[in-house]
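[1] this is a predicted model, with the sequence first.
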Amino acid sequence: MSYNIPKTQKAAIVESHDAPIHIKDDHPVRQPEELAPGECLIKLDCTGVCHTDLHARKGDWPLPSKLPLIGGHEGVGKIVAIGAHTVSSPVNIGDRVGIKWLADSCLQCEQCRKGLEQSCAKAKLSGYTVDGTFSQYVVSYVSHVTPIPPNLSSEEAASFLCAGVTVYRALKYSKTNPGDWVVIPGAGGGLGHLAVQYATNAFGLRVVAVDTGEEKKKLCLELGAEKWIDFRESKDLVKDIKDAAGGDGPHAALVSAASSSAYEQAVDYLRPGGSLLVVGLPGKAQIGAPIFWTVVKSINIIGSYVGNRQDAREALEIAALGKAKCYLALKPLSALSEVYEGMEQGTVVGRVVLSMT
Ligand code: NAD
Ligand code: ZN
């Protein structure tokens, strides 16, 4: 099978962290003969916009990104070419696959051997250290792209490749049991609204959703949260969260907000033995947990970074069963700057997915 591949494409380019995003119509497409072994060219149907893309656009993380940069790491599309001399490819031309934050890793080091490939020292990150999915064609790596279950549309699947897999993995390693309470600060956002559904439908947890505004409240309660707290209205967040989670506080807190204030009181409201799942990534912030209470309450502080290839398959499989659905607005690539503005102001409910066709 071979596809007609154009020489140029539409792409959203970050030229520098303070310049406006530049949408180009004539960005070159890497041609099949230019692909290295192990690389594949994917024609994208769509891509989700993650708050991480906004961090990359602003350059507010301690890890430098490439510049100029094409952001994006929740892409779904079809493989249209595979580099010559690629051996043992787990995917074929014509397959529909997803592109995750982790574009590639060495698969040989200790972290890769242990399934912690996202922490490989040679990791390539889509839309950060290599160009990502805010373009019609993207180069990715056969060993790391994720097959998409046939009964999920590309739009439905996109945000599971980052938001979905991230919260699924965080909950998987949360040391909770069915029936336990989890509080989710950031519950109305991209990661958070999927976390509400994995928590209730896959892990049997009871959810206290924390975010702000009527629309996010309605969404979180519809998706299965039992309790809602508006962080802007609460006068005493620790008391409100403890009360909502049966008086003793939740067994876990999955913080999926991009602000450090969402972490501040977690050790105070968590139940003894509880887990703080560190997921949201505000710029250069510190957690600042009180040592005394962290020890005396036996609190687990667990950093959780996206997920490995197996986590991604599991997260998508659960979505394919209808147990988690992305609440999304479909927009054109030209809307990217306004999506970032909305994210900054906290007005994006669920996820925005960009159509790339
Ligand atoms: P988003 O903008 O869609 O959602 C964030 C939500 O947090 C918004 O609904 C906002 O209203 C809410 N919020 C802000 N301040 C809050 C507070 N003090 N308390 C409660 N809620 C608050 O963002 P997203 O795409 O879901 O990403 C969230 C964060 O997770 C970003 O920092 C992103 O970089 C990070 N992230 C981490 C990983 C990982 O591997 N750990 C993976 C993906 C994204
Ligand atoms: Zn992401």
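    Yep, that arrived. Residues are numbered from 1 along each chain as shown. Ligands and ions are numbered 1, 2, ... in the order given.

[2] report the residue ranges of every domain in this structure.
    8-162+307-355, 164-303 (automatic domain parsing).

[3] how about TSV for those domains, with distance to ligand 1 added?
    (Glycine included, C-beta is placed from N, CA and C.) Shown next, in TSV, are the domains of the chain (distance: least, Cβ to the nearest ligand atom, whole Å):
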stretch	distance to ligand 1
domain 8-162+307-355	3
domain 164-303	2
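
[4] count the neighbours of residue 89 for me.
    18 (other Cβ atoms under 10 Å).

[5] now check the helix ranked longest in the chain, is it near ligand 2?
    Longest helix of the chain, by residue count under DSSP state H: helix 309-320. No: Helix 309-320 stays clear of ligand 2 (Cβ under 5 Å from the ion), getting no nearer than 12.2 Å.

[6] can you dump the C-alpha coordinates of the longest strand along the chain into CSV?
    Counting by DSSP state E, the longest strand found in the chain is strand 39-49. What follows is strand 39-49, C-alpha atoms only, in CSV (Å, rounded to 0.1, in the frame of the first residue of the first chain):
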residue,chain,number,x,y,z
GLU,A,39,10.3,6.1,12.1
CYS,A,40,6.9,6.3,10.6
LEU,A,41,4.9,9.1,9.0
ILE,A,42,1.3,9.6,10.2
LYS,A,43,-1.4,11.6,8.5
LEU,A,44,-3.4,13.0,11.4
ASP,A,45,-7.2,13.1,11.7
CYS,A,46,-7.2,15.2,14.9
THR,A,47,-5.3,16.1,18.0
GLY,A,48,-6.2,17.0,21.6
VAL,A,49,-4.9,20.2,23.2
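
[7] so what strands line up beside it?
    Using DSSP bridges, strand 39-49 pairs in its sheet with strand 75-82 (antiparallel), strand 137-141 (antiparallel), strand 351-355 (antiparallel).

[8] give the next helix or strand downstream of the helix or strand hosting residue 239.
    Per DSSP states H and E, residue 239 falls inside helix 237-244. Using DSSP H and E, the helix or strand that follows helix 237-244 in sequence is strand 252-255.

[9] just checking, what packs against that following strand?
    helix 163-172, strand 181-185, helix 266-269, strand 275-278 (3 or more Cβ pairs under 8 Å, 6 or more residues apart in numbering; DSSP states H and E).

[10] picking that back up, who's in contact with the helix holding residue 239?
    For helix 237-244, contacts defined as Cβ atoms under 8 Å, 6 or more residues apart in numbering pick out 183, 208, 210, 227, 229, 231, 234, 248-250, 265, 268-269.

[11] PyMOL command to pick out the buried ones of those?
    In PyMOL, this line selects whichever of these come out buried by 16 or more other Cβ atoms under 10 Å:
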select buried, resi 183+208+210+227+229+231+249+250+265+268+269
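
[12] from the contacts of helix 237-244, pick the one nearest ligand 2.
    Of all the contacts of helix 237-244, residue 210 has the smallest distance to ligand 2: 20.2 Å, by Cβ to the ion.

[13] re the thing from before, quick one, the helix holding residue 239 and strand 181-185 angle?
    Calculated by axes from the mean of the first three to the mean of the last three Cα atoms, to 10 degrees, helix 237-244 forms an angle of 140 degrees with strand 181-185.

[14] picking that back up, I'd like the domains of the chain as TSV, with mean pLDDT appended.
    Compiled in TSV, the domains of the chain are given as follows (pLDDT from 0 to 100):
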stretch	mean pLDDT
domain 8-162+307-355	98
domain 164-303	97
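
[15] in a markdown table: those domains, plus distance to residue 1.
    Shown next, in a markdown table, are those (distance: least, Cβ to Cβ, whole Å):
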| stretch | distance to residue 1 |
| --- | --- |
| domain 8-162+307-355 | 5 |
| domain 164-303 | 29 |
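
[16] tell me which of the helices and strands packed on strand 252-255 lies nearest to residue 329.
    In terms of Cβ to Cβ, the element of the helices and strands packed on strand 252-255 nearest to residue 329 is helix 163-172, at 14.2 Å.

[17] wait, doesn't residue 141 sit right on residue 36?
    No: the pair residue 141 / residue 36 is not scored as a contact, 9.5 Å apart, by Cβ atoms under 8 Å.

[18] looking at these two, which is more packed in?
    Neighbour count, other Cβ under 10 Å: between residue 141 and residue 36, residue 141 has more, with 22 against 12.
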